[in-house]
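Asks: Take a look and give me a structure for this.
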Amino acid sequence: MYIMKELIKKIPVINSVARFVYYFFTVKLKSFSGSQSYWEKRYSCGGTSGAGSYDKLARFKAEFLNDFVRENNIETVIEYGCGDGNQLKLGQYPLYTGFDVSQKAISLCQFFFPNDETKVFKLVSEYSGEKAELTMSLDVIYHLIEDSVYADYMNRLFESSSKYVTIYSSNRNEQDQYQAPHVKHRMFSKWVEQNKPEWKLKLHIPNKYPLDSKNETGSCADFYVYEKSSIC
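Replies: This is a model prediction of the structure:
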C-alpha cells in the first residue's frame, strides 16, 4: 500500500482523482472499531506511532521538550499516549510515567527501557491518581475519535498536572476531505477555555516543519503549553 500511495503522489495530472480512489478503497472501506482497538491492532501488526515520532519531527519535539523541562526545573513528567517509545528515546526527563491504551505499546516501551528506573509504563486503565509537574499529550488528541474518550482524556491530562500541560496537536474543528478513520481534528483550546478556565496558555510554538499537504510531509501539529494560574 505504501508503494501505491507514493506512486499516486507522483502523478500530477490525475492527482486528485487518484487520491480519491486510493482513499476510498484503502481507507474509507476499512472498518473502524474504535480508538483503543485500532491502536492495539496497529502495534500488534508491527505498526509504529507514526511519522511524528521519528526523524526530524521527533528531534524538533525533543529539542523543545527537553529545553522546557530543564529551564523550568521540572522533576516529574506524565505522558498520556507514550506509543511505541521511539519519541521517548530522545527525551531527557528526571522521572517519567507513560500511559497508553495499548498493551502492545506498553510492552514495546518496557522492551526498549528494561532497566531504566526513571521510567514507568502503565495502561490507562491502571491509572491510580498519579500526578506530575508536567503532563504531556503528543500527537494524540486528533486520534481521539469518540467524544467520551476525548473528554475523559482531557480531564485527566489537566487534573493530573500541578504546574504545566504541554499539548502537541492540531487545533481546529475542520476536517480534511480525505481523512483516515483514526483522525479527528479538534479545537482543544476551546475545550480548555470552557472546562479548565484556571489554565492559561503560556506558549504557542509553531511547528518547525509545518504540513505540506501537496507532498504529505511535515505535521499539522504545533506546541501549546498551558500553565495553572494559581498553584496551591
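Asks: show me what contacts Gln36?
Replies: Val101, Ser102, Val149 (Cβ atoms under 8 Å, 6 or more residues apart in numbering). All C-beta spots, glycine's among them, are computed from the backbone N, C-alpha and C.
Asks: Same list (the residues you listed) but as JSON lines, adding distance to Phe64.
Replies: As requested, the contacts of Gln36 are exported to JSON lines (distance: Cβ to Cβ, whole Å):
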{"residue": "Val101", "distance to Phe64": "25"}
{"residue": "Ser102", "distance to Phe64": "25"}
{"residue": "Val149", "distance to Phe64": "27"}
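Asks: can you pick the most crowded of these?
Replies: Ser102 (25 neighbours; other Cβ atoms under 10 Å).
Asks: wait, isn't that one in contact with Trp39?
Replies: Yes: using Cβ atoms under 8 Å, Ser102 makes contact with Trp39 at a distance of 4.6 Å.
Asks: Parallel or antiparallel, which strands does the helix or strand harbouring Tyr164 pair with?
Replies: In the assignment (DSSP states H and E), Tyr164 maps to strand 161-169. With DSSP bridges as the test, strand 161-169 is paired with strand 132-138 (parallel), strand 222-228 (antiparallel).
Asks: before we move on, back to that, among the contacts of Gln36, which are in helices?
Replies: For the contacts of Gln36, the ones inside helices are Val149, with DSSP state H as the criterion.
Asks: Between the contacts of Gln36, which sits nearest Cys82?
Replies: For those, the closest approach to Cys82 (Cβ to Cβ) belongs to Ser102, at 9.4 Å.
Asks: so how far is Lys41 from the closest one?
Replies: In this view, Ser102 and Lys41 are 9 Å apart by Cβ to Cβ, to the nearest Å.
Asks: Glu117 now?
Replies: For Glu117, the distance to Lys41 - Cβ to Cβ - is 32 Å.
Asks: any idea how the protein splits into domains?
Replies: What automatic domain parsing lists as the domains of the chain is 1-30, 34-228.
Asks: Next, find the distance separating His92 from Asn66.
Replies: Residue 92: Gln, not His. Computed as Cβ to Cβ, the Gln92 to Asn66 distance reads 4 Å.
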